[in-house]
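K.L.:
I would like the atomic coordinates for the input below:
(chains A and B)
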Amino acid sequence: MTEFLNWLQFVLSPQMINGLSIGVAVILMALGLTIIFGLLDVINMAHGEFYALGAYVAVALLGLGLPFWWALALVPLAMLLVGYATERLLIQRVFDSKDRHTLTLLLTLGFGIVLEDVLKIFFGANPLRVETPVAGATEVVGLFFPNYRLFLMLFGGALIAAVWLIVFRTRLGAIVRAAAFDRHMAGSLGVPVARVYALTFAFGVALAGLSGVLLAPIYSVFPTMGRDFVLMAFSVVIVGGMGSIKGAVIAGLLLTQIQSISSLYISPVWSDPLLFGIMVLVLMWRPQGLFGRLGHA
Amino acid sequence: MREAVLAVSPAAARIVRPRVMQWLTWLFFGGALLFAAIAALAGDVFFYRLATEALIFGGLSLAVDVLLGRTGLLPLGHALFFGLGAYVSGLVLKHWAPSLPLALAVVFVAALVTGVVAGIIAIRAKGVYFALISFGLAQVVSKVVFNTRELGASDGIIGIPVLTLGAGPLALDLGHAPTLFMVTLAFVGALYAVTAWLMDTPLGRLLSAVKANEHRVPFLGFDPWRVKLGGFTYSAIAAALSGALYPVLRGFVSPELLFFQVSVNAIINVIVGGTGTLIGALYGSVLLTGLKSVVGSFTAHHLIVIGLVFMASVVFFPRGLIGYAAPVLQRWLDYRAAQRSAR
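P.N.:
Okay, the predicted model is just below:
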């Protein structure tokens, strides 16, 4: 019995808490993806590059001598502008064509390619390190955890709760949900649909950038950092249901926990196939994912 | 005009009669022969190898076009099959026997099996979900191969022997760049001919029907699932057979062949060349390989140029090179024919 308790305390719980800190960042990414898809029907293939861009903007701000907290506040604002411009200048160009699913996917894919190379030009291909803004460690359940990871969990959790509140409990959120449910009806009721679309896209991009900043002190920063991470976010969104906020949160927690717990038993190389297997099984059982779409449920 | 935009629309398809496509096909393969003659006179090796690579990736693009242009499915992970072909071919050539026909036969069987299995998984998903599933499948396989020591991990398979095709006085030395180019050209020509023929069979027509409106296909008495699986498997085989030639050209196989970039390049080739036109995929591959080589000689950041060309193509020229060139060319051919009959 003590053996089991020891295992629980010293083997399982640190894995779960580490998984939770990554999970929070994955959920922020997935929320961005799922909100953009839920409202605009756009699969944002450049999401991973926006995540990297967020981290690099933070690196640049830190290079100017600003403290990390300023970067944490400024990056989402900068990414809002980037996202707004991207929606207005790129997405809107093909948005009214009949093939907009495919065309917007291809367009964001191309934009991601360009963005990645631009990052390489400005910052080089080598990984950069970001100093942890919160040093030290705290004892939780008899184990020491880096303070930054604990901060990440609390801050990220608060952000996720804030997104939830905005979408489901405010007038702004009601407008977004209405536009997702029926864009023409919302438009005829006086909702400035085009601006809502652009701002929602910008909001999703800002979330991606924010998770880039949050993870920068944990992982190093390099131009292709978004690739593996966005695959994880895509799996989360597919399992949870494209366009579902509840789905992104629940599937995000579930998949990151499965990933971190399974890495106790199998090589991390196999954790991606495992997650993907789960994704395929979910799709076989419920092709639309676990939960319904934004504005439809 | 229900589907359209990405492909040649039905209205345009009526204008683009088979004649102009035939003309463009002869132009492509004639041009390739002309290139071979000029390069032979110049005693060149570099451009032969570059052109051979363009043809090999053209085969992959052709496979992508069968799905994207003819079936309406966007495969974001066709590098999976290309890489499968390259790896299986590399293993057969290195460890079994240095024989290209044997490698192609083994690759065919492997691709058939993998294509059916992956197809059953992927075509359950519709629309963008299909794209994401195929993306995920390829990503996972590439990661597993990248970490499998038996397959050479990040180094891939090196030391694949130089091949000879046939025996006796007619034997072709595939280490000789011009010979390999001609063999590859014949292979891609055959692949194109089979694909074009297949699109005219009932299966090909049903693929177009699925693209136009999947929900109406059952009313005609056909099962769209089987049609899509058939199209997917054929496309997988075509991609894998093209990949099988890669180790013959380069003498090695690397896990990069399975990466997302390969899938994306094939899609870019198809979109820039002309979605749904088949021959456009080959033109696109040659165009983009050439562009990459030219831009790459000036700067290491050629991806920006490729990405911008691709984005411009999606926004401003969604029908692609052949999609726009074919109607113009057809008008010119019609005009010439009318002049001749008037005389």
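
K.L.:
What ranges does the stretch 101-250 of chain B have for its strands?
P.N.:
B:164-165, B:172-173 (DSSP state E, counting those that start in this stretch).

K.L.:
can you list the residues of the stretch 51-200 of chain B near chain A?
P.N.:
The stretch 51-200 of chain B comes close to chain A at residues B:74, B:121, B:124-129, B:131-133, B:135-137, B:139-140, B:143-144, B:147, as judged by CB under 8 Å from any CB of the partner chain. C-beta coordinates here come from the backbone N, C-alpha and C atoms, glycine included.

K.L.:
Next, count neighbours for A:Phe151.
P.N.:
17 (other CB atoms under 10 Å in any protein chain shown).

K.L.:
Once you drop chain neighbours, what's closest to A:Leu199?
P.N.:
Spatial nearest neighbour of A:Leu199, excluding adjacent residues (CB to CB, 6 or more residues apart in numbering or on different chains): A:Tyr84 at 6.9 Å.

K.L.:
Narrow the residues of the stretch 51-200 of chain B next to chain A to just the buried residues.
P.N.:
For these, a burial check counting by 16 or more other CB atoms under 10 Å in any protein chain shown picks out B:74, B:121, B:124-125, B:127-129, B:131-133, B:135-137, B:139-140, B:143-144, B:147.

K.L.:
So which of those belong to helices?
P.N.:
Under the assignment DSSP state H, those contribute B:121, B:128-129, B:131-133, B:135-137, B:139-140, B:143-144 to helices.

K.L.:
among those, which two are most distant?
P.N.:
Across these, the longest distance by CB to CB is 24.8 Å; it joins B:Val128 and B:Val144.

K.L.:
shaky segments in chain B?
P.N.:
Low-confidence segments of chain B (pLDDT under 70): B:1-18, B:167-169.

K.L.:
need the helices for it, in chain order.
P.N.:
Using DSSP H, helices in chain B cover B:10-15, B:18-42, B:46-65, B:79-91, B:100-122, B:128-146, B:177-200, B:202-212, B:224-250, B:260-273, B:279-296, B:302-316, B:320-342.

K.L.:
which of the strands of the stretch 101-250 of chain B is buried the deepest?
P.N.:
The highest mean neighbour count among those, using mean count of other CB atoms under 10 Å in any protein chain shown, belongs to strand B:164-165: a mean of 16.

K.L.:
contact partners of it?
P.N.:
Strand B:164-165 is contacted from outside by B:Pro98, B:Leu100, B:Pro101, B:Ala171, B:Leu172, B:Asp173, B:Leu174, B:Val183, using CB atoms under 8 Å, 6 or more residues apart in numbering or on different chains.

K.L.:
Looking at those, state which has the most neighbours.
P.N.:
B:Leu100 (21 neighbours).

K.L.:
For chain A, see how far away that residue is.
P.N.:
The spacing between B:Leu100 and chain A, counted by CB to the nearest CB, to the nearest Å, is 32 Å.

K.L.:
what's the distance between that residue and B:Val106?
P.N.:
From B:Leu100 across to B:Val106, the span is 11 Å (CB to CB, to the nearest Å).

K.L.:
go on, A:Asp41?
P.N.:
Distance from A:Asp41 to B:Val106, counting by CB to CB: 43 Å.

K.L.:
ok, now B:Ala312?
P.N.:
In terms of CB to CB, B:Ala312 sits 41 Å off from B:Val106.

K.L.:
Tell me which of these two has more neighbours.
P.N.:
Counted by other CB under 10 Å, B:Ala312 and B:Val106 do not tie: B:Val106 has more neighbours, with 18 against 12.

K.L.:
So which residues of the stretch 151-297 of chain A form helices?
P.N.:
In the stretch 151-297 of chain A, the helices defined using DSSP state H, counting those that start in this stretch lie at A:171-181, A:183-188, A:193-215, A:226-240, A:245-262, A:271-285.

K.L.:
quick one on the thing from earlier: highest mean neighbour count out of the helices of chain B?
P.N.:
Highest mean neighbour count among the helices of chain B (mean count of other CB under 10 Å): helix B:79-91, a mean of 29.

K.L.:
What is it packed up against?
P.N.:
helix B:100-122, helix B:128-146, helix B:224-250, helix B:260-273 (3 or more CB pairs under 8 Å, 6 or more residues apart in numbering or on different chains; DSSP states H and E).

K.L.:
Tabulate those helices (a markdown table), appending distance to B:Leu206.
P.N.:
Shown next, in a markdown table, are the helices and strands packed on helix B:79-91 (distance: least, CB to CB, whole Å):
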| stretch | distance to B:Leu206 |
| --- | --- |
| helix B:100-122 | 15 |
| helix B:128-146 | 17 |
| helix B:224-250 | 4 |
| helix B:260-273 | 21 |
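
K.L.:
Could you point out which of the ones you listed sits nearest A:Ser263?
P.N.:
Nearest to A:Ser263 among the helices and strands packed on helix B:79-91 is helix B:128-146 (14.4 Å), distances taken as CB to CB.

K.L.:
any idea how far the closest one is from the chain center?
P.N.:
Here helix B:128-146 is found 18 Å from its chain centre; the criterion is CA atoms, centre = their mean, to the nearest Å.

K.L.:
how big is the angle separating that helix from helix B:79-91?
P.N.:
30 degrees (axes from the mean of the first three to the mean of the last three CA atoms, to 10 degrees).

K.L.:
Run through the neighbouring helices and strands of helix B:128-146.
P.N.:
With contacts taken as 3+ CB pairs under 8 Å, 6+ apart, helix B:128-146 sits against helix A:100-123, helix A:226-240, helix A:271-285, helix B:79-91, helix B:100-122, helix B:260-273.

K.L.:
how close does B:Trp96 sit to chain A?
P.N.:
To chain A, B:Trp96 is 27 Å away according to CB to the nearest CB.

K.L.:
An error on my part: the question was meant for B:Ala190.
P.N.:
With distances taken as CB to the nearest CB, B:Ala190 is found 30 Å from chain A.

K.L.:
Would you agree B:Leu203 is in contact with B:Phe232?
P.N.:
No - shown here, B:Leu203 and B:Phe232 do not form a contact pair, counting by CB atoms under 8 Å, at 11.7 Å.

K.L.:
From B:Phe317, how far off is B:Leu74?
P.N.:
Look at B:Leu74 and B:Phe317: by CB to CB, they are 18 Å apart.

K.L.:
any low-confidence regions in the stretch 101-250 of chain A?
P.N.:
Residues of the stretch 101-250 of chain A that meet the criterion pLDDT under 70 lie in A:141.

K.L.:
List the residues that contact the residue lying closest to B:Val309 once chain neighbours are set aside.
P.N.:
Leaving out its chain neighbours, the residue that sits closest to B:Val309 by CB to CB, 6+ apart is B:Val272, at 6.6 Å. For B:Val272, the contact set (CB under 8 Å, 6+ apart) comprises B:Gly284, B:Leu287, B:Leu288, B:Val309, B:Phe310, B:Ser313, B:Gly320, B:Leu321.

K.L.:
mind giving me CSV with the helices and strands packed on helix B:128-146 and columns for distance to A:Pro192?
P.N.:
As requested, these are exported to CSV (distance: least, CB to CB, whole Å):
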stretch, distance to A:Pro192
helix A:100-123, 20
helix A:226-240, 27
helix A:271-285, 36
helix B:79-91, 42
helix B:100-122, 39
helix B:260-273, 33
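
K.L.:
and A:Ala178, which of those helices is closest to it?
P.N.:
Across those, A:Ala178 has its closest neighbour in helix A:100-123 (20.1 Å, CB to CB).

K.L.:
Just to check, B:Lys143 is in contact with A:Ser271?
P.N.:
No - taking contacts as CB under 8 Å, B:Lys143 lies outside contact range of A:Ser271: 9.8 Å.

K.L.:
Perfect, I'm done here.
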